[in-house]
Each structure stands twice: as structure tokens, then as C-alpha cells.
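> The sequence isn't on hand, but the structure is:
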């Protein structure tokens, strides 16, 4: 009977993809690795709170969070919350690109651009803008909430969990507090990424110049 080459197991492919997505490039210090890996976890608690409250109907609020508000009629609030949570996690995961190979060279699965070097500015400018926006936004939310106001300056609704000062308010505060770290951690990673890419580029140029002289 003809022999057949066994395909790699699915678990092996998943593990390889996981390693490729998370493995840092040479020269990345430990603090940068920890910061990059921590950013998705700063977003996760609030995502779980939204899903638990709106989708799973856990008694974490009085039902106000399940109000569809101004959503279009074709968009169920449950679907909106799931999409928002998934998008938030994917956006947070892009911080890992500031330490991983795919943040310097376009992955093979992206057509047209695969294998090309990622320009430093193409990574730094969005990351820097995101860090500023996130820091200002979540700091503003924390300050105004502590003052009993919404981000628009209105008084907090008495039905909101943070107005009840009970266990629900504690759960809500604990799940959203980590978001205060998202912006500063991203800013630190952005500065390190820019410095490291410049140092690598300068070293490569020096090597080329030395080789041309010889």
C-alpha cells in the first residue's frame, strides 16, 4: 500500500500559531514582554462583566446595562456586546505586535504585503495615538465617575451599579479599573519599539558600510 505522510496534528498547528503570535524577537526585555502580554488581560475583566450582565443575565446590575438604547433595531444588544468585547480583545492583542515578529515583518497569510518589513511609523503612529486616546478616555471616566458624574458631565443615574455602593458597585469597579493601565502600558511599549527598531536599523547600516569598505 502506498504510504501517506501524516499531516501535523491540529494541536501542533495551533501551538505553532500561538508561539508565532506571542514569541518575542531578540532584544526584547522581560518588562516589555510582560507589559505586552498583560494588556489583553486589562481588557478581559470588563468584557466578561458585559457578557455576564447582558448575555448571560447575571445579577450584576439592575437591568440597565441590558437596555439597547440607541442601537439599530436589527442589532440585538447581546450581539452588540459580544462583538464589542471581541473587538476590544483583538485591539488589545495588537500590542503584542510591538514585541513579536509579526510587528516587524508582515505575516505570510496577509496577501500582497506578506514578507514585507513593517515601516516603523506605520506601527508607532497608530500605537502612540491609541495610547494617548486610551489614557485620556479611561482616566476621564475614572475621575468623572468618582465625582458622581458621567463622561458627558451629567449626574450618575441612581439605578447604576456605581450609585448603589453595594457589592455590584465593587464588582463593576474591579472589572473596569484595569483599563486604566491599557494606555500607559501601550505608551511604554511604543517608545521601546521605536528605540529598538532604530537601533536594529542603525546596526544593520553599520554592518553594510563595514562590508562595503572591505
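Yes, it's here. No experiment lies behind these values; they were computed from the predicted model shown.
> going forward, measure contacts between C-alpha atoms and count neighbours the same way
OK.
> list the buried ones in stretch 84-103?
Residues of stretch 84-103 classed as buried: 85, 88-89, 92-103 (neighbour count, 16 or more other CA atoms under 10 Å).
> can I assume residue 28 sits in a strand?
No. Under DSSP: H, G, I helix; E, B strand; the rest coil, residue 28 sits outside any strand and is assigned coil.
> quick one: the spatially closest residue to it that is not a sequence neighbour from residue 171, how far?
Nearest in space to residue 28, with sequence neighbours left out and distances taken as CA to CA, 6 or more residues apart in numbering, is residue 99 at 6.4 Å. Applying CA to CA, to the nearest Å, the value for residue 99 to residue 171 is 32 Å.
> what about residue 89, which helix or strand?
For residue 89, the host element (DSSP states H and E) is helix 77-93.
> if you skip the residues just before and after it, what's nearest to residue 133?
What sits nearest to residue 133 in space, not counting adjacent residues and going by CA to CA, 6+ apart, is residue 183, at 7.5 Å.
> tell me the mean pLDDT for the host helix or strand of the one you found?
Assigned by DSSP H and E, residue 183 belongs to helix 182-213. For helix 182-213, mean pLDDT is 77.
> Show the contacting residues for residue 113.
Residues in contact with residue 113 (CA atoms under 8 Å, 6 or more residues apart in numbering) are residue 106.
> Apply 10 Å and report the result again.
Neighbouring residues of residue 113 by CA atoms under 10 Å, 6 or more residues apart in numbering: 105-107.
> any idea how far residue 18 is from it?
Taken as CA to CA, the span from residue 113 to residue 18 is 21 Å.
> Now the residue sitting nearest the centre point of the chain: closest residue in space that isn't a chain neighbour?
Taking CA atoms, centre = their mean as the criterion, residue 92 is the residue nearest the geometric centre of the chain, at 0.4 Å. Distances taken as CA to CA, 6+ apart place residue 40 nearest to residue 92, at 5.0 Å, with adjacent residues excluded.
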